[in-house]
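Enquirer: just to be clear, the model below is a prediction. Sequence and coordinates:
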Amino acid sequence: MTDKLDLENEQKWLGGHDRPFYFFGPCSAETPEQLRSTASGIHKNFKNVFFRAGIWKPRTRPNTFEGIGIEALEWLKEIKREFGFQITTEVANASHVEACLKAGVDVLWIGARTTVNPFSVQAIADALEGVDIPVLVKNPINPDLALWIGALERINKAGIRKLGAIHRGFHMTENGPYRNYPNWNIAIQLKATYPELPIICDASHISGKPELIPHVAQKAIDLDMDGLMIETHINPEVALSDKQQQLSPDQLNEIVNGLTPKSKYSTDVAFKSKLEILREQINQIDNELIERIAERMSLAKQIGQYKREKNVTVFQIERWQEILSRSLKNGVALGLNEKFIKDFLNSIHDESIRQQTNNHKNV
Ligand SMILES: O=C(O)C(=O)C[C@]1(C(=O)O)C=C[C@@H](O)C=C1
């Protein structure tokens, strides 16, 4: 069970910008000139953005560039003064929070490597007690929705009502097209749990390379996410961190201009009536599906009863493999996705086994 979050209306604290809200800027602040020229390049095309730059960089191994540190906060303040952007950076401990509050940073974010550790998140929450500043919480490295929600709750309990989430994808063990696997369903579940919570998609960390960013950013918009974070560097080739995924301000402009904006509804009458007809049909099918699944469970329960009487095992591997391969063949022939059919049938089989092994307790 999840508690309700006490949230302030996003339109107000995100500055009333038109959705999607944009978070652009380099992975790391490197020099005052690098920040200034990046901000200036962004400012040519975008006025209403949050300017992001990492100052303390949590790197996998030491002896790599770990960020400029507190000195760069002064550079960020200059960006705010010169371009009017709101400024945002990552905090990983209480002293980072303190330094950012002192410097007047507008928005803080908590990184994925911090969100995984409730002790670290709590220390940040304690440092934020009594402070009114927007905080964005990136998803933890592992695909664990409860951990993400736990971090949001800790920050919210400290009194932060200007709260948002950043979806930056999850650690992958296999090779794939992405740097971080998006697991879009986790972000969707977060939105379904807290519809008022803004979610920003960090398209750069999911993509890991410029070619994928348009696809990931468009998917985020299609999924009704509230904003986009895209790393931008005046000269990505010489960037001191994440150079393979940063865009130049011109590339950024081209990609963002190429995105198709989407809205929740359409006022088009023909569209609305077509949608209504199709949705009614879906309702009917869902009702039938649920009724048929209930019938199937009742048959499985009867089988379970006979098996109990004859001391026969509940799990029957040959029978199960036969069901799986037949339904997979049928489903694929009908154009259904193989993984979807497997997941669907496995979930039915799990429930059937649960019903047969324990009729009385809901375990
Ligand atoms: O056929 C059976 O023996 C069943 O109990 C039904 C069923 C199923 O629900 O599909 C459940 C458990 C077995 O592992 C195989 C199939």
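Expert: On my side now, so go ahead. The structure presented is a predicted model; accordingly, all values stated were derived computationally and were not measured.
Enquirer: residue 58 reaches residue 116, doesn't it?
Expert: No - Residue 58 is not in contact with residue 116 according to CB atoms under 8 Å; the separation is 11.1 Å. C-betas here are computed from N, CA, C, even on glycine.
Enquirer: roughly how far out does the helix or strand where residue 270 lies sit from the chain middle?
Expert: According to DSSP states H and E, residue 270 maps onto helix 269-309. The chain centroid and the centroid of helix 269-309 are separated by 30 Å, computed with CA atoms, centre = their mean, to the nearest Å.
Enquirer: residue 242 should be in a helix, yeah?
Expert: No - counting by DSSP: H, G, I helix; E, B strand; the rest coil, residue 242 is not part of a helix but coil.
Enquirer: now the terminal residues of stretch 312-323, how far apart.
Expert: Start-to-end span of stretch 312-323 (CA to CA, to the nearest Å) is 19 Å.
Enquirer: sorry, back to before: tell me which of residue 58 and residue 116 has more neighbours.
Expert: Using other CB atoms under 10 Å as the criterion, residue 58 and residue 116 rank with residue 116 on top: 18 against 13.
Enquirer: where do the strands sit along the stretch 1-150 of the chain?
Expert: Per DSSP state E, counting those that start in this stretch, the stretch 1-150 of the chain carries strands over the ranges 21-25, 49-52, 86-91, 107-110, 135-138.
Enquirer: if we can go back for a sec, check which helices and strands the helix holding residue 270 sits against.
Expert: For helix 269-309, the packing partners by 3 or more CB pairs under 8 Å, 6 or more residues apart in numbering; DSSP states H and E come out as helix 338-357.
Enquirer: what count of nearby residues applies to whichever residue of the stretch 151-300 of the chain sits closest to the ligand?
Expert: Shortest the stretch 151-300 of the chain-to-the ligand distance, computed as CB to the nearest ligand atom: residue-wise this is residue 300, at 4.4 Å. Residue 300 is flanked by 19 other residues according to other CB under 10 Å.
Enquirer: list the contacts for it?
Expert: Residues near residue 300 by CB atoms under 8 Å, 6 or more residues apart in numbering: 352, 355, 356.
Enquirer: export these to CSV and tack on pLDDT and distance to residue 82?
Expert: Shown next, in CSV, are those (pLDDT from 0 to 100; distance: CB to CB, whole Å):
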residue, pLDDT, distance to residue 82
352, 97, 65
355, 92, 66
356, 93, 69
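Enquirer: which residue packs closest to the residue nearest the centre of the chain, ignoring adjacent ones?
Expert: By CA atoms, centre = their mean, the chain has its centre lying nearest to residue 167, at 2.3 Å. In space, and not counting its chain neighbours, residue 167 is closest to residue 187: 4.3 Å by CB to CB, 6 or more residues apart in numbering.
Enquirer: likewise for residue 248?
Expert: In space, and not counting its chain neighbours, residue 248 is closest to residue 236: 6.0 Å by CB to CB, 6+ apart.
Enquirer: could you do residue 169 as well?
Expert: Nearest non-adjacent residue to residue 169, counting by CB to CB, 6+ apart: residue 180, 2.8 Å away.
Enquirer: so residue 23 sits against residue 48, correct?
Expert: No - with contact defined as CB under 8 Å, residue 23 does not count as touching residue 48 (11.3 Å).
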